[in-house]
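Student: here is my input, please return the structure:
(2 chains)
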Protein chains: 2
Amino acid sequence: MAAPSRRGDPERRTRPGGRSARVNEAILTAVLDELVESGYSKLSFDKVATRAQVHRATLYRRWATKEELVAEALLAQTGQAVPMPDTGSLREDLRLLTHAIVANISAPDGQSLLRTLVSDAGQVPEISVAGRAFWSKRFALAGAIVRRGIERGELPPGTDPDFFIERLIAPLFLRLLITAEPIDAAYADRIVDTLLGTDGT
Amino acid sequence: MAAPSRRGDPERRTRPGGRSARVNEAILTAVLDELVESGYSKLSFDKVATRAQVHRATLYRRWATKEELVAEALLAQTGQAVPMPDTGSLREDLRLLTHAIVANISAPDGQSLLRTLVSDAGQVPEISVAGRAFWSKRFALAGAIVRRGIERGELPPGTDPDFFIERLIAPLFLRLLITAEPIDAAYADRIVDTLLGTDGT
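Tutor: Numbering: from 1, shown residues only, chains lettered A, B, ... in the order given. Okay, here's the model as predicted:
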C-alpha cells in the first residue's frame, strides 16, 4: 500500500538533498499509519519498509531502534501540526500553542494515534522510551515560551516551565481522553487566562 | 470463574437485605473484571451473569442498558477507592482527594481499566454515555468540596467548581497516561498548593 504524504513535513520536500528527504518523509508517514492501524507492538522495520516502499537496509541505516524511529515520526508530525509560536507576547504564544494542540489531538488521526499509544503503553513498557524522547523534546520547545515570558516579566522568575506547560495542556487531554467533554479554542483560552491570572478571579 | 470480591463495597455487605447486596456486589465486580480482561465492546450481560454466577434475568431486572451497568460498576469501585473527604479544610480535602486518586489510578487494576476505557472510547461511541454518567456524578461529588471552600471563604465566590476540579485532577491523568512521568502524593500536593496560591509564587 502506497504511503500517503498527508502527514509529511513540507519543509523536507524543498530541502536540498531532495531524494533522501522524500524517503525520510515516506518512512515517517508509514510509521504513523502503521501505529494508527495496528498499534505499537505490531509495528516492525519490515512493515514500515514495505509500506514506505523502501529497502529495509535504508531504515536500519537511519534508526538503531524502533523506539527512536517512533519518537522521530511523532516529533515530525507534531512539529508540523503544532509549531512553536514566538510572537513577543506570552499570552498570544500560549493561545496559539493550545489552539494548535486542540486541532491536532481532536483530529481523527491524531486522536486514534493518541488512544493507540495510551492503550499500548499498558502492555509494552518500551513504548515509554519513545514517549519520553518525544515529550522531553516537546517540553523543551514549549518551555522556551515560558522562559521568554519570565524574561519579559510576564511570569514570576521562579516559574517552573515544565510544571507550567503540564498545567496548560493537561485539561485538554483530560477532556479529550477521560471525561469526553468538548475541547475548543475558547476552552483553551480559559485555561491560558486562568494560568496567567487574567481571568478576572 | 468465581468473581473475587476484592473490588466490592464493604458497606453493601453489612446493609440489611444482605443477599441482594451480595449479588449486586458480585455483579459489579464481574463487570470490572470483564472490562479489564476483554474491554467494553466485548462486555455483555451474558458474560457478566456467568462470571458473577447469577441468572441473566437478575441483571436485566436491575439494569436497562450496558451503559448503566458499566457506569454503576465504575462508580461503586471509585466510591470505595476515592471517598470524598470533608475535614473542614479545603486544602486538606483536596490533598486527601488527590492522594486517593493517585493511588487508585496508578494501581495495576485501575490503570488497566483506564487504558482499556480510553482505547475503547475511540471505537465504541456509546462508551461516552457510561463515561458521562460516571463523570457527572464524580464532578458533582468533588464539586461539593469546592463549594464548601467558597462558603468558608477559602476560594473566591466566582470559582467554577467543575473547572477547578478539572485543573486539580488533569495533571495526574496527563502524567499517568500521556507523558509517563511519575505521580505521587508530593506531586498532588504541588498541584493543590499551586491552585490555592499557597505555593509561594
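
Student: how about the residues of chain A near chain B?
Tutor: Counting by CB under 8 Å from any CB of the partner chain, chain A comes close to chain B at A:111-112, A:114-116, A:118-119, A:121-122, A:128, A:131-132, A:135, A:139, A:156, A:158-159, A:163, A:166-167, A:169-171, A:173-175, A:177-181, A:190-191, A:194, A:200-201. For every residue, glycine as well, the C-beta is placed using N, CA and C.

Student: can you give me the offset of the longest helix seen in chain A from its chain's centre?
Tutor: Counting by DSSP state H, the longest helix found in chain A is helix A:127-151. Relative to the centre of its chain, helix A:127-151 is centred 10 Å away, using CA atoms, centre = their mean, to the nearest Å.

Student: was I right about residue A:182 contacting residue A:175?
Tutor: Yes - assessed by CB atoms under 8 Å, residue A:182 is found in contact with residue A:175 at 7.0 Å.

Student: higher neighbour count, those two?
Tutor: residue A:175 (20 against 11; other CB atoms under 10 Å in any protein chain shown).

Student: how about that one, what does it touch?
Tutor: A:181-183, A:187, B:166 (CB atoms under 8 Å, 6 or more residues apart in numbering or on different chains).

Student: give me the distance between it and residue A:102.
Tutor: Separation of residue A:175 from residue A:102 (CB to CB, to the nearest Å): 10 Å.

Student: and stretch A:68-86, C-alpha only, in PDB?
Tutor: Extracted in PDB, the C-alpha atoms of stretch A:68-86 (Å, rounded to 0.1, in the frame of the first residue of the first chain):
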ATOM      1  CA  GLU A  68      13.900   6.100  18.000                       C
ATOM      2  CA  LEU A  69      12.000   5.600  14.800                       C
ATOM      3  CA  VAL A  70       8.700   6.100  16.500                       C
ATOM      4  CA  ALA A  71       9.800   9.100  18.500                       C
ATOM      5  CA  GLU A  72      11.100  10.800  15.300                       C
ATOM      6  CA  ALA A  73       7.900  10.000  13.400                       C
ATOM      7  CA  LEU A  74       5.800  11.500  16.300                       C
ATOM      8  CA  LEU A  75       8.100  14.600  16.500                       C
ATOM      9  CA  ALA A  76       7.900  15.200  12.800                       C
ATOM     10  CA  GLN A  77       4.100  15.100  12.800                       C
ATOM     11  CA  THR A  78       3.700  17.200  15.900                       C
ATOM     12  CA  GLY A  79       6.400  19.700  14.800                       C
ATOM     13  CA  GLN A  80       4.400  20.400  11.700                       C
ATOM     14  CA  ALA A  81       0.900  20.400  13.200                       C
ATOM     15  CA  VAL A  82       1.900  22.200  16.500                       C
ATOM     16  CA  PRO A  83       4.600  24.700  15.600                       C
ATOM     17  CA  MET A  84       6.100  26.700  18.500                       C
ATOM     18  CA  PRO A  85       5.000  30.400  18.200                       C
ATOM     19  CA  ASP A  86       7.200  33.300  19.200                       C
END
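
Student: give me the nearest residue to residue A:23, chain neighbours excluded.
Tutor: residue A:54 (5.7 Å; CB to CB, 6 or more residues apart in numbering or on different chains).
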